[in-house]
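Participant: here is my input; please provide its structure:
(one chain, ligands or ions: 1)
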Amino acid sequence: MNPNEMYEYVERIANLIRTRVRKAGLANGVQPVQMEALHYLSRCNRYSNTPVAVAEFLGLTKGTVSQTLGVLEDNGLVEKTTDSRDRRVVHLHLTPSGTQVLEQSIPPDVLKSAISALPAKEQRQLEESIQRLLLCLQRANGLKTFGPCRTCVHHQLTGDAQRRCGLTREILTESDASKICREHIPSD
Ligand code: SF4
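Facilitator: Next comes the predicted model:
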């Protein structure tokens, strides 16, 4: 594939999506960067819902992220809890209002209808190809992959049909397995 054409397609798709999300967010008084933080927190697991992980995922400084999270908290879209084992660690969770704002904005309807217009087989192939492309880009740039737990090298299926994280040794639920994680290492 021609990289110039690829760049153009990806950029145009990203711009279209970003414009729709930005509009929807602003209609609810939420700035684009705040919307990105909300979206990340809705998808990450319990090891990754900290301010440091948000900064890593968004590629922003801790100061900027701290300000962003402060606004979200002040507006009742995010709430903080303290880690039960380490009181210095703070975890961030979406409030019902935060979830509602997010669900109204992401993914935008224009993307949902464009995807649903493709045959199911093409949808699967496209998703796999985009995932592979993202992984290659992350590896080439030495970035954390933040992939879904079930695709991590540490993800284990135990003999009693349970899921376990080989890194933390904790049991994982079905829902945990689909969330993204800052400790994720691709299994292939
Ligand atoms: S298995 Fe991997 S992705 Fe899942 S919680 Fe453990 S380190 Fe994170």
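Participant: could you pull out the helices in this structure for me?
Facilitator: 3-27, 32-43, 51-58, 62-74, 96-105, 109-116, 120-140, 174-178 (DSSP state H).
Participant: nearest to residue 186, out of those helices?
Facilitator: Nearest to residue 186, of all the helices of the chain, is helix 120-140, at 6.0 Å by CB to CB. C-betas here are computed from N, CA, C, even on glycine.
Participant: that closest one close to the ligand?
Facilitator: No: against the ligand, helix 120-140 shows no contacts by CB under 6 Å from any ligand atom, the least distance being 13.9 Å.
Participant: next, the angle from that helix to helix 3-27.
Facilitator: 100 degrees (axes from the mean of the first three to the mean of the last three CA atoms, to 10 degrees).
Participant: ok and helix 120-140 relative to helix 109-116, angle-wise?
Facilitator: 120 degrees.
Participant: let's have the chain start at 36 instead
Facilitator: Shifting the count to begin at 36 puts that one at helix 155-175.
Participant: contacting residues around helix 155-175?
Facilitator: Contacts with helix 155-175, where a contact means CB atoms under 8 Å, 6 or more residues apart in numbering, come from 150, 153, 178, 179, 180, 182, 221.
Participant: count the residues that sit near the closest residue to residue 59 other than its chain neighbours.
Facilitator: Leaving aside its chain neighbours, residue 59 sits nearest to residue 140 (3.6 Å; criterion: CB to CB, 6 or more residues apart in numbering). Residues lying near residue 140 (other CB atoms under 10 Å) number 22.
Participant: surely residue 140 meets residue 63?
Facilitator: Yes: using CB atoms under 8 Å, residue 140 is in contact with residue 63, at 7.3 Å.
Participant: I'd like to know how far the residue nearest to residue 59 sits from the ligand.
Facilitator: Per CB to the nearest ligand atom, to the nearest Å, residue 140 is found 26 Å from the ligand.
Participant: so where is the chain shaky, pLDDT-wise?
Facilitator: Counting by pLDDT under 70, the chain contains no low-confidence range.
Participant: nearest residue to the residue nearest the centre of it in space, please, no chain neighbours.
Facilitator: Nearest to the geometric centre of the chain sits residue 75, at 3.9 Å (CA atoms, centre = their mean). The shortest distance from residue 75 to any residue other than its chain neighbours is 5.1 Å, reached at residue 92 (CB to CB, 6+ apart).
Participant: so which of the helices of the chain comes closest to residue 192?
Facilitator: helix 209-213 (9.7 Å).
Participant: got a list of contacts for the closest one?
Facilitator: 80, 81, 183, 184, 185, 190, 198.
Participant: now do stretch 114-128
Facilitator: 76, 81, 84, 85, 86, 89, 104, 108, 113, 130.
Participant: buried ones in that stretch?
Facilitator: Neighbour-count burial for stretch 114-128, with 16 or more other CB atoms under 10 Å as criterion, is recorded at 126, 127.
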